[in-house]
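Q: Just to be clear, the model below is a prediction. Sequence and coordinates:
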Amino acid sequence: MKAATKTEAEFTAFVANAGPGLARTAALLTGNRTTADDLLQEALVRVYLNWPKVIPGAEKAYARRVMSNLATDWWRRARWERVGPPPERSVWSPTNEVDDDDAFLRHLAGLSARERAVLVLRFHADLTEAQAAEELGLPLGTVKSLAARALAKLRTTLTLEPSGSNQ
């Protein structure tokens, strides 16, 4: 049996199929659409450079791992640059999903890069705790504690009351 070699056409097909989902993951990891575009581009360059070595069937997981590592590196470098008041508390509104999405991204920005990565993999990519731990290269217990800590932080910053509620 001859070993299959990954081709440039396969990489192009991978980007076409997985690109939109990876773009959303990048936006959730960075909290900023412009930075997300940069993150996705840099991650895809790194995936392309290692394309022949990427395990068939694990391409998307590999790309998410690269994005998570890059986002963590960028967050560590940019942490001291943040200035200004903390984000305002948001009220859920079914009429404006874009504003809700932006507000949610601002709240995610209040989490550490690892907390954000765990939540994105668990709830956006629908991975189990064990799968997220494997992708991030972390022990299962660490993923569980990071998720619990991140969710607790989000609970304290998000107001999830629908508009016009009589409660």
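A: Here it is on my side, so go on. Since the model is a prediction, treat every value here as computed from it, not as a measurement. Numbering: from 1, shown residues only.
Q: Do I have it right that residue 63 meets residue 50?
A: No: the pair residue 63 and residue 50 fails to qualify as a contact (Cβ atoms under 8 Å) at a distance of 10.3 Å. In short, each C-beta sits where N, CA and C put it, glycine included.
Q: After the helix or strand of the chain with the lowest mean pLDDT, which helix or strand is next? Please name it.
A: Between all helices and strands in the chain, the lowest mean by mean pLDDT, DSSP states H and E belongs to helix 97-109, at a mean of 67. Moving toward the C-terminus from helix 97-109, the next helix or strand (DSSP states H and E) is helix 113-119.
Q: Quick one: list the elements packing against the helix or strand just after that following helix.
A: Tracing the chain C-terminally past helix 113-119 and defining elements by DSSP H and E, one meets helix 129-136 next. Based on contacts counted as 3 or more Cβ pairs under 8 Å, 6 or more residues apart in numbering; DSSP states H and E, the elements that helix 129-136 packs against are helix 59-78, helix 113-119, helix 140-157.
Q: Who are the packing partners of whatever helix or strand residue 37 lives in?
A: Residue 37 belongs to helix 33-49 when assigned by DSSP H and E. Packed against helix 33-49 by the contact rule (3+ Cβ pairs under 8 Å, 6+ apart) you find helix 8-30, helix 59-78.
Q: Tally up the residues packed near residue 34, please.
A: When neighbours are defined as other Cβ atoms under 10 Å, residue 34 has 9 of them.
Q: ok, residue 77 - contacts?
A: Listed by Cβ atoms under 8 Å, 6 or more residues apart in numbering, the contact set of residue 77 is empty.
Q: Looking at it now. What's its pLDDT?
A: For residue 77, the model assigns a pLDDT of 73.
Q: residue closest to the middle of this protein?
A: Central residue check for the chain by Cα atoms, centre = their mean: the C-alpha nearest the mean position is that of residue 29, 3.3 Å away.
Q: what's the pLDDT at that one?
A: Reported pLDDT at residue 29 in the predicted model: 88.
Q: Leaving out the residues flanking it, which one is nearest to it?
A: Excluding the flanking residues, the one nearest residue 29 by Cβ to Cβ, 6 or more residues apart in numbering is residue 71, at 4.2 Å.
Q: That concludes my questions; thank you for your assistance.
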